[in-house]
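> fold the following and give me the result.
(one chain, ligands or ions: 1)
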Amino acid sequence: MPTHWTPQPRPPGTGTRAAFADVVSAGPAARRLIRTLLAALGTHRWEPWNPNHAHRAHPSPRSLFLTDAVLRIGGHRWAVDVDRRVLTGVACPPSEPLPATVELWGRPDRLPAGYGSLVDALVTIEAGHVAAVLARSATTAGLIARTITVDAVAPLPDAPVVEVALTDGFGSDIAAVDPDDEWCPGARSSGLSPRGLAADPRPLPGNLVDELLRMAGGTPTGSPAAGPAAKWLRHRVAVHAVTGRPDGLYDLHHDRLTLRTPGAATERLQAAFRFGRQEVDVAGMNLVWVVTADVAARVRTAGPSAYRNLLLAAGASAQQIADAAAAKGLFCRPVRSFDEPDTEAAIAAPPGEDVLYMLLLGRPRVLDFCYDLTCPEELP
Ligand SMILES: Cc1cc2nc3c(=O)[nH]c(=O)nc-3n(C[C@H](O)[C@H](O)[C@H](O)COP(=O)(O)O)c2cc1C
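Sure, this is the predicted structure:
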């Protein structure tokens, strides 16, 4: 991990524009790179009736998309605009574009005033989601991805939050595409909430939950979820209406749930949530997944960058859970609008343990018409 970062301005959105279609004509490596960017950063779904219309492979508070991607190859850098399908920089991208690095720059300014001290955490968690989808799409496209955390002490606008290095995995076992991996980047959803967010009240089959846990616990090559900070995360799941499993608060370890406290655990988490059941029915969710860490202990051993790396790992782990949920037909709504001390009390977290992130999972009650913006023929 680099400990020093020389602030570099982001490349401006004007300059030499290279269309993706022209970049891919350079050959297979360029094709794999552009395919990776499209899958990870593109808009895959447009939901007309959702106040947050645009949807990518990763979630984003209010679909405001709090990171910008910058592609670095050799000494040159390009702003990545996946929606317009262009790279913008001072030169044309080289015909041999790998190895390349994707810098993720935080855009806290896109959040409306009022988020206060939560802004940095939201940007960093989202960057963890984005790094995870970049790693996954790279692997799927036949590249090898590696997440590089950068100097966490730099204020968000002065340095990338995180970088993902990409090398050509052609002929390498590491990047071999798993034939069972049917990842569909547009399938993940935080769920629609036309009259509040609620899960289908019918019980969720226990075997579906077991399969979900197995998928969510897979090894995500190159993602921050596979990095050292992720080992410090602690996962608990409040279970409600799952066949074969009593309601209660469970510890999750190596894909296995262990019942800690039987009872109405989701109701206790509802009481710690900032909105009532009419708006977000936390109590009625089948699974409420709570991610915590002993931040102070980790900072003591790993230094001041530890908090940011824990948030990145939490975002990346949540992306795995959300992808697994999508594969099982469930929504997965990430939330930060909870009262932290009350949530820690609701899960009986030991002193020193901080709640970082929470995910609400259930079967959707509403499905709606949406525009599918993926265009397989267009993929290079
Ligand atoms: C870090 C983070 C925090 C979020 N916090 C909340 C929240 O507190 N409440 C909520 O309803 N949604 C929250 N969301 C979910 C977004 O609103 C959701 O991702 C967005 O509407 C896009 O929908 P999609 O995930 O289905 O693409 C959060 C998402 C992220 C990444």
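
> and the residue in the stretch 151-300 of the chain positioned nearest to the ligand, how many neighbours?
Per CB to the nearest ligand atom, residue 190 is where the stretch 151-300 of the chain lies closest to the ligand, at 3.3 Å. Bear in mind the C-beta positions are built from the backbone N, C-alpha and C, glycine included. Residue 190 sits with 21 neighbouring residues when counted by other CB atoms under 10 Å.

> and the one 3 residues further on, by the same measure?
Neighbour count for residue 193, taken as other CB under 10 Å: 18.

> and it, how far from residue 57?
Applying CB to CB, to the nearest Å, the value for residue 193 to residue 57 is 20 Å.

> can you pull the residues of the stretch 101-250 of the chain lying near the ligand?
Contact residues, the stretch 101-250 of the chain versus the ligand (CB under 6 Å from any ligand atom): 122, 125, 126, 129, 189, 190.

> how about a cut-off of 5 Å?
Taking CB under 5 Å from any ligand atom as the contact definition, the stretch 101-250 of the chain meets the ligand at 122, 125, 126, 189, 190.

> state the mean pLDDT of stretch 111-122.
Averaging pLDDT along stretch 111-122 yields 92.

> now do the buried residues in it.
111, 119, 120, 121, 122 (16 or more other CB atoms under 10 Å).

> ok so the third one is a strand residue?
No: assessed with DSSP: H, G, I helix; E, B strand; the rest coil, residue 120 is helix; it does not lie in a strand.

> find the nearest non-adjacent residue to it, please.
Nearest non-adjacent residue to residue 120, counting by CB to CB, 6 or more residues apart in numbering: residue 156, 5.9 Å away.

> again, but for the first one
Nearest residue to residue 111, sequence neighbours excluded (CB to CB, 6+ apart): residue 119, at 5.5 Å.

> my guess is that neighbour contacts residue 110. True?
No: between residue 119 and residue 110 there is no contact, the gap being 9.8 Å when judged by CB atoms under 8 Å.

> which neighbouring elements make contact with the helix or strand where residue 148 lies?
Assigned by DSSP states H and E, residue 148 belongs to strand 143-149. Under the contact criterion of 3 or more CB pairs under 8 Å, 6 or more residues apart in numbering; DSSP states H and E, strand 143-149 touches helix 28-41, helix 118-141, strand 162-168, helix 306-327.

> any chance of those in a markdown table, plus distance to residue 73?
Output for the helices and strands packed on strand 143-149, formatted as a markdown table (distance: least, CB to CB, whole Å):
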| stretch | distance to residue 73 |
| --- | --- |
| helix 28-41 | 9 |
| helix 118-141 | 15 |
| strand 162-168 | 10 |
| helix 306-327 | 23 |
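
> before we move on, the earlier item: let me know the closest of the buried residues of stretch 111-122 to residue 219.
The closest of the buried residues of stretch 111-122 to residue 219 turns out to be residue 121 (CB to CB; 26.1 Å).
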